[in-house]
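Q: Turn this into a model:
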Amino acid sequence: MLHRLFPLRLAFLFVVGILSAWPPASACPESAAESSSKSPIIVIGFLGGYVSHTSLFHSEVQLAAQLCRDYPADVVAEAFENHHAELAHQEILKLLDTDHDGSLSPEEKKNARIIIYGHSWGASETVNLARQLEKEGVPIQLTIQVDSVGKRGQNDSLIPANVRQAANFYQSGGILHSRAEIRAADPARTQIIGNFRFDYKGSTLTCEKYPWWDRYFVKSHTQIECDPKVWTQIDSLIRSSLPHRVTTASLGN
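A: Prediction:
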C-alpha cells in the first residue's frame, strides 16, 4: 500500500514546490517599476532552508514589504526562496531592461542599483547571484549575509568585484556554524563593511512562530534570523543606499 502512495506524495511535493515559487514574491506594486524610464532600485532578499516567501513572520519578507511601503516610487523589493534564485535573476534582468528590447545595453547595466541580502542558504545564494551578475557586467551596490551557510558548489566567503559594499552578520553557537568572515576578491573595488558577530548563549530571545525543531536543534541560527537588533542594522545599511530617509519600522518581531 505504501509503495502505491509514494508516487502520489512525490506529485504532491512537486505541485507544492511550483505553487510556492509562483508568482514571484513581489511586495511592491508593478507601477513602481513601470512609472519611469529609469530602472528602480532593486532589493532582493533570499530566505534560508526551505522556507517559503509566503512566510510573513520571517524578517527577510518583512523587510522587503516595509521597503516597498516606505519607497513606493523608487524601490522594487522582493523575497525569494533560495532554491528559486533563477526567478530572482530573471526579475532583475527584466527590471533593468527599461527599453524592453530583451537585452541589457551598457547604459542599462551602468544604471543598475541592486541590493541583495539573505539568511543561511539564502546568504550563500546572495553571493552566488552577485557572482552571476558579475559575469553579465552588472554592478551591485550592497550584499548582506546573515549567518551564511554555504551551499554545495558555492563560495559564500569571497565577494565578487562587482559588489561595491558587503556586510556579514554571524553567530558561532550551536551545531550549525555559519560563515565567520567574508573577504573581497578585489579590495580596491569592494569595501567589506564588517563581519559582525552576535552571541546568543543564555539569550531569552524567542522566535515563537518558527517550527519547534528550528527553535530547538538550531536555536542560535534561528535566533539571529528573528533578532530585531540584527535586522535594524540591516535595515539601516540598506536605507543608507536609498535616495531619502524615512522612519524605520520595527522588524523581526
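Q: for Asn82, what are its contacts?
A: Going by CB atoms under 8 Å, 6 or more residues apart in numbering, Asn82 touches 46-49, 118, 120-122, 124-125, 151. Using the backbone N, CA and C atoms, a C-beta is placed for each residue, glycine as well.
Q: between those, which is nearest Leu237?
A: Among these, Gly118 lies closest to Leu237 (CB to CB), at 13.7 Å.
Q: coming back round to it: Serialize the contacts of Asn82 to JSON lines and add fields for neighbour count and distance to Glu134.
A: Output for the contacts of Asn82, formatted as JSON lines (neighbours: other CB atoms under 10 Å; distance: CB to CB, whole Å):
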{"residue": "Phe46", "neighbour count": "31", "distance to Glu134": "17"}
{"residue": "Leu47", "neighbour count": "27", "distance to Glu134": "23"}
{"residue": "Gly48", "neighbour count": "26", "distance to Glu134": "23"}
{"residue": "Gly49", "neighbour count": "18", "distance to Glu134": "26"}
{"residue": "Gly118", "neighbour count": "31", "distance to Glu134": "17"}
{"residue": "Ser120", "neighbour count": "27", "distance to Glu134": "22"}
{"residue": "Trp121", "neighbour count": "26", "distance to Glu134": "20"}
{"residue": "Gly122", "neighbour count": "32", "distance to Glu134": "19"}
{"residue": "Ser124", "neighbour count": "28", "distance to Glu134": "16"}
{"residue": "Glu125", "neighbour count": "29", "distance to Glu134": "15"}
{"residue": "Lys151", "neighbour count": "19", "distance to Glu134": "18"}
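Q: Most widely separated two among those?
A: So, those by CB to CB: farthest apart are Leu47 and Lys151, at 13.2 Å.
Q: Save the contacts of Asn82 as a markdown table, and put in pLDDT, secondary structure and distance to Arg197 too.
A: Formatted as a markdown table, the contacts of Asn82 follow (pLDDT from 0 to 100; DSSP: H, G, I helix; E, B strand; the rest coil; distance: CB to CB, whole Å):
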| residue | pLDDT | secondary structure | distance to Arg197 |
| --- | --- | --- | --- |
| Phe46 | 98 | strand | 21 |
| Leu47 | 96 | strand | 22 |
| Gly48 | 93 | coil | 18 |
| Gly49 | 88 | coil | 22 |
| Gly118 | 97 | strand | 18 |
| Ser120 | 95 | coil | 16 |
| Trp121 | 95 | helix | 20 |
| Gly122 | 96 | helix | 19 |
| Ser124 | 97 | helix | 18 |
| Glu125 | 97 | helix | 22 |
| Lys151 | 92 | coil | 22 |
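Q: Can I take it that Val127 is in a helix?
A: Yes - applying DSSP: H, G, I helix; E, B strand; the rest coil, one finds Val127 inside a helix.
Q: 9 is where my numbering starts, stick with that
A: Renumbered: residue one is now 9, and that last one reads Val135.
Q: Identify the residue spatially nearest to it, adjacent ones excluded.
A: Leaving aside its sequence neighbours, Val135 sits nearest to Asp164 (CB to CB, 6 or more residues apart in numbering; 4.8 Å).
Q: ditto for Pro114
A: Using CB to CB, 6+ apart, the closest residue to Pro114 is Gly145 (7.7 Å).
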